[in-house]
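In: Provide a 3D model corresponding to the input given below.
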Amino acid sequence: MYSRIASIRSGLHRKFGHRNNSSGILKKKENIYKNLLPGKLYHGFICTDVEPIKEYNMTAYFLTHEKTKTEYLHLERDDPNNVFSIGFRTTPQDSRGTPHILEHTVLCGSEKYPVRDPFFKMLNRSLATFMNALTGPDYTFYPFSSQNEVDYRNLQKVYLDAVFKPNLERLDFLQEGWRLEHEKLEDKLSPLVFKGVVYNEMKGAFSETSSLFGQKFINTILPKGTYGNVSGGDPLCIPELTHTQLKNFHSTYYHPSNARIFSYGNFPLELNLKFVNDMYLSKYEYLDSKNSVVKPQERWKMIQRTSTPCRVDQYGGPVEKQNQIAMGYVMSDITDVYDTFMMTALAELMIIGPNSAFYKSLIEKNISGGYNSLTGYDNQIRDTLFVVGLRDVEKTNFDLIENIANQTIEDIHSKGFGREHIESVLHGFELSIKHQSPKFGLNVLFNLMPLWNHNGPILKALKVNQLLDQLKTNLMDSNYVKDVIEKYFILNNHKLIMTMQPDPKFDDVFNEAEAKLLKSKVKELTSEEKEHIFRDGIELSRAQKKVQNLDILPCLKIDEIILSKTAPTLKHTVSGTIPLQLCEANTNGVTYFKGVLGAENLSEDQRALLPFFNYILDKFDTKSYNYRDFDKFVSKTTSGLSFVTHVTEHIDLEEQYEQGVLISSHCLDENLPKMMDIWSEIFSQPKFDNSKRMTMLFGNYCSSLTNGIIDSGHVYAMQAARSLVSSVDACKESLLGIKHIMNMQQTQKKYKVEDIQAIVDSIGKTILKGGNLRAAVHYSRNNNEFHEEIDKFCVSMCQNQDCKDVNRINFMDSMVQSKENRGLHVSMNIPVNYCAKVIPTVSYMHPDYAKLRVLSRFLTSKYLHPVVREQNGAYGGGAMLTMDGVFNFYSYRDPNSRLTMDVYDETTDWMDKNVSLVDDQNLFEAKLSILQQMDAPVAEYMKGVELFLYGLSYDIWKTQRERILGVNRDDLLEVCQKYLTPDKWSGKCVIGEGASQQLCKNNEAWEKVSGPQEKDVTC
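Out: Numbering: from 1, shown residues only. As a prediction, this is how the structure comes out:
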């Protein structure tokens, strides 16, 4: 997986101690590695450092392999969710995508495990809580996590053999990277076309405007060396990569001397050291890895400017406003840990929230659609970057925006930051250290890897309290802030101003370049080479369909699977008329509040604007505060307030659902009274009368809606398809899907700001009532004031209300859907497609639900992944079952459309022909992949939440788990024929151009929708 198109990722929360990097504090375990001492040798590794990391109750062991100089970091902590990773510094010298294609190809079979795609095969033979492989601009790493030690050792064997002893077969390179192949495989006279998994993946990635802008920006601001290239691969450069070059890259960069190994948790370290050394490292000699070192960028003496084109967003605003601008600075070296930490805080002070300087000067100016995805501080590469950028701006405002940005920097330099604003940002750091997460080990890895990749002081980076103490002192010193702004901004000439403008011919330019490249490749071929290409296509097709002996891969056994989840201790009570679910948990001194506000009484006009209402609810003046002071109060006291549109089905009754708003926040125990005061302010109805602010926020909201459609196209396609067969999902589609995006575009044209204000205000008066709330609270044992504060809040919320009955969930009845087979083609000018087919089946409580769930995993592994991905070239494909029993087929970044739909339709035919595949082992693997999800660790603050939100109790969950384990061969064959035959009622959706294939089939009724510039067309 290409984790990052060498772009500056949006957001600021990327360093230890910051808000989204949960610490998951656990009780300190007695040191089980008492014999590991600095200077001592253990299984070929010299222990060079042992450091207690008190803020996270763990001990860090840093070791270096004596022979190969491989570095190893182990974080010992009493956490059962153990992590292992091996990573390499992979610095490409061109844009052929070598690191990315190599990442895919090493996972296609190795010396000990010579089977096709052991990585995907292990997804069904493991209880891993995380498995992946990721390529960044200058690194590639292979992480996994598991709570089961047998499973952990199994995955360790497969991963290490994959990276050190891959087969790197030519056919695998052709499948995963790129190849020329006849359009009709067995017809030599049919045209040759480009194919390949990574090739299609990167075509999809480059069709996403934000990713493309980020890619172009980093290539331009850091032009020399690795960052001037596309490590994921430019689609027009990928076809220049050869199999030999790929193998040479592996021998150079995947050497132990260029490796960094990481482990975390409570499994024995010495077993890791012994296995890694005995099986691999001891068999290598040292290789100088200086060729992979990324040198600091030579700093510019003059500011530079450039512009780049992009495709027109058919679902965006007016074309003349689809422009973007970004102003970026090269900042500190990533190895300067404190400056990097400090800049993370400084960036938040400058950018995030209504009290930040750039928000006041740029966002509230209402000359854009808000910040673009480049905005933030990127500390993931050698030369860190600060960028502020805007989306959806008119070209005539480029100069104005640049002038405002420059003046904002000058104002920060002269005025500094307000004390309360600084305190609110520092509070966010402190709270994040206490906030718990079962993915803490993975979060540590993802944060450390970029720093470690450049030989930075990783143990220093772990000691957040020391960094935070220094930060508190420095940020309160106005002279220090002035000096930092002067150094990194005012006197910094390594600055890039880049604009991006839509070009109606953008796709034509790419298609012409691709066609020209293809023509040149074909023209160069000799008759003999053409014959080889034909044979390669046939041979690859046969290899993809060949039955493999998977017995050589390790797999958990049934007696090695231990049910570790227990029923949470919950208390249900009522305060005022508000039902409460209370859970005492190991929350590490943090209190978590969640609530659901019913929205069943909203009118259609109100319901259409509910997601926007959630977006703005904490962004206006309240009864006691103006919006800037309210934001300070929230930030200094809590993690922030969250409002999410909530639509969930009844797990037992078909076509009944709850609609509402999920609210949440958390705070340190001592701040609980203040947090509840904040919620009282919200329930007292914000003042939505600021027309100028409402106009700005509505514009920003609508502008943000199209972000992520291409990255998550399969999710949007499944949602749109489900809306054709379920009125519950039709509701979700109108609130969360592509239909909502189109509705908001119409709302912009239809309503004046006064109309929107009136509707939003009426939503608040309808749902912001104590009698409309049910709540759940997780609290620590030592929080003695908890009950009193929660009761005080609830009673106050229920005063002066007419109804004294306890609030209950009001499930809404669904509308009856017309049972005709319908399809939706969401036309989008992108070079790949996202294809979905959905079939309504049974509710969660029905005995067949578990059988269908197992079937979805079996079909993904044995049918859809091999055919849709390996044979037909999509980046991904599979099946899943929603909680309300809708069976989903999906594909991701797919060069096909009708062909993929035919694969879905032929499921039962394939099953009839491949009954022999439904054996005990494959059935067990399908179950195991489900248990991965069901048995995943649950955060303390999430215990019992499934019951609160969905009515899913531990007993129901356990029954479902037992049913999963009880599914047999006949069950799978039965439900496949019972529910998935082609004649069953279904909905379909294709997002993309449709690959110029006819989508309509038999008596299906297809509708084509396009962006606001084009009219809808019915098939």
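
In: Flag every buried residue along stretch 837-847.
Out: K837, V838, I839, P840, T841, V842, S843, Y844 (16 or more other C-beta atoms under 10 Å). (Each C-beta comes from the backbone N, C-alpha and C, glycine too.)

In: Let me see the contact set for the last one.
Out: Okay, so that is Y844. I651, D652, M883, D884, G885, L952, Q960 (C-beta atoms under 8 Å, 6 or more residues apart in numbering).

In: Make JSON lines out of the buried residues of stretch 837-847 and add secondary structure.
Out: Output for those, formatted as JSON lines (DSSP: H, G, I helix; E, B strand; the rest coil):
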{"residue": "K837", "secondary structure": "strand"}
{"residue": "V838", "secondary structure": "strand"}
{"residue": "I839", "secondary structure": "strand"}
{"residue": "P840", "secondary structure": "strand"}
{"residue": "T841", "secondary structure": "coil"}
{"residue": "V842", "secondary structure": "coil"}
{"residue": "S843", "secondary structure": "coil"}
{"residue": "Y844", "secondary structure": "coil"}
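
In: Go through those residues and say which is closest to L609.
Out: V838 (27.3 Å; C-beta to C-beta).

In: Touching, the closest one and V725? I think so.
Out: Yes - with contact defined as C-beta atoms under 8 Å, V838 and V725 form a contacting pair (6.1 Å).

In: residues near the residue lying closest to Y480 once chain neighbours are set aside, how many?
Out: Excluding the flanking residues, the one nearest Y480 by C-beta to C-beta, 6 or more residues apart in numbering is N474, at 4.6 Å. Under the neighbour criterion other C-beta atoms under 10 Å, N474 is assigned a count of 17.

In: For N474, give me phi and psi.
Out: phi -70, psi -40 (degrees, to the nearest 10).

In: let's have the chain start at 770 instead
Out: Happy to do that; since the first residue is 770 now, the last one works out to N1243.

In: ok, now which ones touch it?
Out: M1111, Y1249, V1250.

In: quick one, what contacts the last one?
Out: Neighbour list for V1250: L1115, I1181, G1185, F1186, N1243, L1244 [criterion: C-beta under 8 Å, 6+ apart].

In: element containing it, please.
Out: Using DSSP states H and E, V1250 falls within helix 1247-1254.

In: Dig out what K1606 forms beta bridges with.
Out: Note on K1606: beta-bridge partners by DSSP bridges are F1658, K1757.

In: was I right about it contacting S1660?
Out: No - K1606 is beyond contact range of S1660, at 9.7 Å (criterion: C-beta under 8 Å).

In: Common neighbours of these two, please.
Out: By C-beta under 8 Å, 6+ apart, no residue touches both K1606 and S1660.

In: about what we covered before: which single one of the buried residues of stretch 1606-1616 is nearest to R1160?
Out: V1607 (32.4 Å).

In: Spatially nearest residue to that closest one, not counting backbone neighbours?
Out: A1490 (4.4 Å).

In: check contacts around the one you found.
Out: G1592, L1593, A1605, K1606, V1607, N1657, G1756, K1757, C1758.

In: The third one - nearest residue in space that isn't next to it in sequence?
Out: Closest residue to A1605 apart from its sequence neighbours, by C-beta to C-beta, 6+ apart: A1486 at 3.9 Å.

In: from what I can see the one you found touches F1658, true?
Out: No - taking contacts as C-beta under 8 Å, A1486 lies outside contact range of F1658: 10.0 Å.

In: All the strands of the stretch 1270-1419 of the chain, residue numbers only.
Out: Remark: strands assigned in the stretch 1270-1419 of the chain by DSSP state E, counting those that start in this stretch are 1339-1344, 1347-1353, 1359-1367, 1411-1418.

In: ok, and which of those has the densest surroundings?
Out: strand 1359-1367 (a mean of 23; mean count of other C-beta atoms under 10 Å).

In: Need the CA coordinates for stretch 1040-1052. CSV is fine.
Out: Output in CSV follows, covering the C-alpha atoms of stretch 1040-1052 (Å, rounded to 0.1, in the frame of the first residue of the first chain):
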residue,chain,number,x,y,z
LEU,A,1040,12.8,-14.9,21.4
ASN,A,1041,12.7,-12.2,18.7
LEU,A,1042,16.4,-11.5,18.9
LYS,A,1043,17.3,-15.2,18.6
PHE,A,1044,15.0,-15.8,15.7
VAL,A,1045,16.0,-12.8,13.7
ASN,A,1046,19.7,-13.5,14.3
ASP,A,1047,19.8,-17.2,13.7
MET,A,1048,17.5,-17.3,10.7
TYR,A,1049,18.7,-14.2,8.8
LEU,A,1050,21.1,-11.6,10.2
SER,A,1051,23.9,-14.1,11.1
LYS,A,1052,24.0,-15.1,7.4
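
In: residues contacting the residue located most distally from the centre of the chain?
Out: What lies farthest from the middle of the chain is S1296; by C-alpha atoms, centre = their mean that is 46.3 Å. With C-beta under 8 Å, 6+ apart as the criterion, no residue contacts S1296.

In: would JSON lines of the contacts of N1243 with pLDDT and distance to M1269 be doable?
Out: As requested, the contacts of N1243 are exported to JSON lines (pLDDT from 0 to 100; distance: C-beta to C-beta, whole Å):
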{"residue": "M1111", "pLDDT": "97", "distance to M1269": "30"}
{"residue": "Y1249", "pLDDT": "97", "distance to M1269": "36"}
{"residue": "V1250", "pLDDT": "96", "distance to M1269": "32"}
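
In: Now flag whichever of those is closest to R1638.
Out: For these, the nearest to R1638 is M1111 (44.3 Å; C-beta to C-beta).

In: how much space is there between the closest one and Y1249?
Out: 9 Å (C-beta to C-beta, to the nearest Å).

In: can you pull out the strands in the stretch 1520-1669 of the chain?
Out: Under DSSP E, counting those that start in this stretch, the stretch 1520-1669 of the chain gives strands at 1542-1548, 1581-1582, 1591-1595, 1603-1609, 1645-1650, 1655-1661.

In: By mean pLDDT, show me the worst of those.
Out: For the strands of the stretch 1520-1669 of the chain, mean pLDDT drops lowest on strand 1581-1582, to a mean of 72.

In: Now do that strand: distance to the chain's middle.
Out: Between the centre of strand 1581-1582 and the centre of its host chain there is 32 Å, according to C-alpha atoms, centre = their mean, to the nearest Å.
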